[in-house]
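Participant: How does the following fold in three dimensions:
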Amino acid sequence: MFLRLLAMTTLLAASALTNAQVTTPPPEAALPKVGVASPDGNLSVEVTTDKDGRPSYAVLRDGKAVITPSRLGFLFIDAPKFERNFAIAGHKTRSFDETWEQPWGERRSIRNHYNELRVTLTEKTALKRSLDVVFRVYDDGLGFRYEFPDQAALKLVKIGEELTEFNIAEAATAWWIPAGEWNREEYLYHRTPLQEVGYAQTPFTLRTENGLHISIHEAALVDYSGMNLTRVENRKLRATLTDGIGDGKVVRSAPFNTPWRTLQLSDDAGGLVTSSLILNLNEPNKLGDVSWIKPMKYVGVWWEMHLDKKTWASGPKHGATNENVIKHIDFAAKHGLGGVLVEGWNVGWDGDWFGNGEDFSFTQPYPDFDIEKLAAYAKSKNVRLIGHHETSGNAAHYESQMGAGFDLYQRLGIDAVKTGYVADAGQAKVIGTDGKLHYAWHEGQDMARHHLKVVTEAAKRHIAVNAHEPIKDTGLRRTYPNWISREGARGMEFSAWGEPGNPPEHEANLVFTRLLAGPMDYTPGIFGMKTRAPDGVATTWAKQLALYVVIYSPIQMAADLLENYEANPKPFKFIEDVPVDWEDTRVLNGEVGDYVTIVRKDRHSDNWYLGSISDEEGRELKAPLSFLDPGRTYTAQIYRDGEKADWKRAPQDIVIEERKVTSADTLTLRLAPGGGQAIRFVAQ
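Facilitator: Sure thing, here's the model as predicted:
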């Protein structure tokens, strides 16, 4: 039987350990298994060892198996494996309950309520090595990690592979992208039966035949290699760590903890979106006062390069010129936007910069870009420049100049930077512990160390970081709130290039896959739908507006050319009005890859915002307005697809209208093929 925690004490934000139970291990025969249940008692975890001493865990929900017995353990490259000959030497349980406040985010307050089981596994061999496995079980999922103690028999740990398994109990449909391929995370999502999955990245989303939604991911990826998943047989998935640069995929000195391996569970797709499990499994803010971090909307010298109207490189088409940047600053100031991103401002873009990066300077601008003058001009307009550091994946070169680059930004009042790591997977460059240059994977241990170094060095200068071609998001924004957003998926630029762009279902896939990890700088807001891509931008205008609500990021780009906004001020008004920092977030409806409707409340007013999007199918969805304050009237400013709207034939057909509504109303949202709807609810 599962171990049930009988007493639960609700604690507030400063709460500590309660109801701790320490058991003295009885004889092995009397302790075949241990377990713990979620606070509401519906989710249970059981840990056991088999006759050969192989440890495993299992997960039940409402008494039904979600994860059938799944192995735990490690292969080392210089020591016997952790896989068999283990006994459960002891276990401890505790409960924890707090409410903490995000400095920015999808919601202000987050409850962190779990029951924990710590299992100590000790070898029955002469080595007597030990390992703790810690499970934290929430009402909507769980996380578990390995903790290596300080022990004489295993001081320097060289991990060849994790043996962690996820043995899915039921047949399921999977949404996934391949791992280990050249284009990092920038792939379209496959939708296949679980048995057809190969080597996949996380977050990895499943829907079982009985309708249970599952997301497998990880939390708090620090000084460790990112976890991928390999289907090894039937419905069994095994953790596969990203390759390292030398002796082992991970090399650490004990004591240390691995990242959390996470399972989020929900009866509907929306429950995955509103889960805070990933954030809760990260440590609290380590930066102290972070009031200097300012969520914002921005424009930039960017989309015109993707359309081949301007260039990053110097020359007659150079985008980062004084004249062009001043134009963008003036536009941002006029329309109340907080920042102007400038790419291609610094020396190094001429020639073959892709995958090299050795020519980049992070302090020397091109002659036609006066960074001192432009930073001062932006400040005078209550706008700030957003810095840009493209590295071409050359982390070693970047680290040699990063401090000087951040010092320059700090002196000029540039308090946000977009970093970039454009290089084929496996072609990042790092300096190893041997002092030599090595080629590395973007999500290997050395790049995990690099990204955290960038974030902490930026924080010392009060600079926020938006990483592109990044290491995956695992909730570290809780611990380091200046890690404000990142890319890590196919963004809007794929719809600008000559290859096929993002299909209409792409954003409805992202919401329930990549975005479960954290914010994404997707760069929405395109009105000029004809691009170099054969299908252009495969959405309607109304959907472009809805993306500002649907795709969460505390920084949102108005990504299009300025002239397209100047020519269409009425739909652009929604981009001007929509916030980027939220008091609350709810999902009204949604199915993975098909459609979703999300509402969010502004953190700084009583207004609510709705975004609803569809795939290639036209849809009619019901939106009950019960989230609004009862007894209060709101003006609904509606931006919807027109009668002829269609992403292929009439993407610009948009209707803008107003009506009075209350919490008792239910709206019917009519979405065109590839369409959407955005609504601003203004409290009266």
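Participant: hey, let's count contacts and neighbours off CA atoms from now on
Facilitator: Will do.
Participant: Tell me who's in contact with residue 318.
Facilitator: Each residue near residue 318 by Cα atoms under 8 Å, 6 or more residues apart in numbering is listed here: 310, 311, 312, 344.
Participant: how about the closest residue to residue 180 other than its chain neighbours, secondary structure?
Facilitator: In space, residue 180 comes closest to residue 425 once its chain neighbours are excluded; the distance is 7.3 Å by Cα to Cα, 6 or more residues apart in numbering. What DSSP: H, G, I helix; E, B strand; the rest coil gives for residue 425 is coil.
Participant: correct me, but residue 425 touches residue 186?
Facilitator: No: in this structure residue 425 lies outside contact range of residue 186 using Cα atoms under 8 Å: 10.7 Å.
Participant: Which one's more surrounded, these two?
Facilitator: Set residue 425 next to residue 186 and count neighbours by other Cα atoms under 10 Å: residue 425 wins out with 21 against 17.
Participant: can you pull the contacts of the residue nearest to residue 180?
Facilitator: Counting by Cα under 8 Å, 6+ apart, residue 425 makes contact with 180, 181, 182, 183, 184, 441, 442.
Participant: Can you tell me which of those residues has the most neighbours?
Facilitator: Using other Cα under 10 Å as the neighbour test, these are led by residue 442, with 32 neighbours.
Participant: Who are the contact partners of that residue?
Facilitator: For residue 442, the contacting residues are 184, 393, 425, 426, 427, 428, 469, 470, 471, by Cα under 8 Å, 6+ apart.
Participant: Just put those residues in JSON lines and tack on distance to residue 205 and pLDDT.
Facilitator: Converted to JSON lines, the contacts of residue 442 look like this (distance: Cα to Cα, whole Å; pLDDT from 0 to 100):
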{"residue": "184", "distance to residue 205": "18", "pLDDT": "98"}
{"residue": "393", "distance to residue 205": "28", "pLDDT": "98"}
{"residue": "425", "distance to residue 205": "23", "pLDDT": "97"}
{"residue": "426", "distance to residue 205": "25", "pLDDT": "97"}
{"residue": "427", "distance to residue 205": "28", "pLDDT": "97"}
{"residue": "428", "distance to residue 205": "28", "pLDDT": "98"}
{"residue": "469", "distance to residue 205": "21", "pLDDT": "98"}
{"residue": "470", "distance to residue 205": "20", "pLDDT": "98"}
{"residue": "471", "distance to residue 205": "19", "pLDDT": "98"}
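Participant: Can you get me a residue count around residue 203?
Facilitator: Neighbour count for residue 203, taken as other Cα under 10 Å: 28.
Participant: what's the pLDDT at the closest residue in space to it that isn't next to it in sequence?
Facilitator: Once flanking residues are discounted, residue 203 sits nearest to residue 217: 4.6 Å by Cα to Cα, 6+ apart. You'll see residue 217 listed with a pLDDT of 99.
Participant: go on, residue 674?
Facilitator: With respect to pLDDT, residue 674 has a value of 98.
Participant: so it makes contact with residue 652?
Facilitator: No: using Cα under 8 Å, residue 674 is not in contact with residue 652, being 11.8 Å away.
Participant: More neighbours: the two, which one.
Facilitator: Neighbours per residue (other Cα under 10 Å) separate residue 674 from residue 652, with residue 674 holding more: 30 against 19.
Participant: Then residue 135 would be within a strand, right?
Facilitator: Yes: assigned with three-state DSSP, residue 135 falls within a strand.
Participant: now it: how far from residue 322?
Facilitator: Per Cα to Cα, to the nearest Å, residue 135 is found 55 Å from residue 322.
Participant: ok, these two, which is more surrounded?
Facilitator: Comparing residue 135 with residue 322 by other Cα under 10 Å, the one with more neighbours is residue 135, at 27 against 16.
Participant: Can you name the residues that contact the nearest residue to the more buried one once chain neighbours are set aside?
Facilitator: Sequence neighbours aside, residue 144 is the residue nearest to residue 135 in space, at 4.3 Å (criterion: Cα to Cα, 6+ apart). Going by Cα under 8 Å, 6+ apart, residue 144 touches 133, 134, 135, 136, 260, 261, 262.
Participant: from those, which is closest to residue 109?
Facilitator: residue 136 (20.0 Å; Cα to Cα).
Participant: Can you tell me the closest non-neighbouring residue to that closest one?
Facilitator: Using Cα to Cα, 6+ apart and skipping the chain neighbours, the partner closest in space to residue 136 is residue 116 (4.4 Å).
Participant: Just give me the neighbour total for that neighbour.
Facilitator: Residue 116: 26 neighbours (other Cα under 10 Å).
Participant: Test my guess that it contacts residue 138.
Facilitator: No: under the criterion of Cα under 8 Å, residue 116 is not in contact with residue 138, lying 9.0 Å apart.
Participant: and the gap between residue 223 and residue 253?
Facilitator: Applying Cα to Cα, the value for residue 223 to residue 253 is 11 Å.
Participant: wait, residue 157
Facilitator: Distance, residue 157 to residue 253, by Cα to Cα: 6 Å.
Participant: Confirm the residue nearest to residue 136 sits in a helix?
Facilitator: No: counting by three-state DSSP, residue 116 is not found in a helix; it is strand.
Participant: residues touching it, list them.
Facilitator: 36, 93, 94, 95, 96, 134, 135, 136, 137.
Participant: switch to 6 Å and redo it
Facilitator: 93, 94, 135, 136 (Cα atoms under 6 Å, 6 or more residues apart in numbering).
Participant: looking at this protein, which helix or strand is least sure?
Facilitator: Within the chain, judged by mean pLDDT, DSSP states H and E, the helix or strand with the poorest mean is strand 18-22; its value is a mean of 42.
Participant: I'm done for today, thanks for sticking with me.
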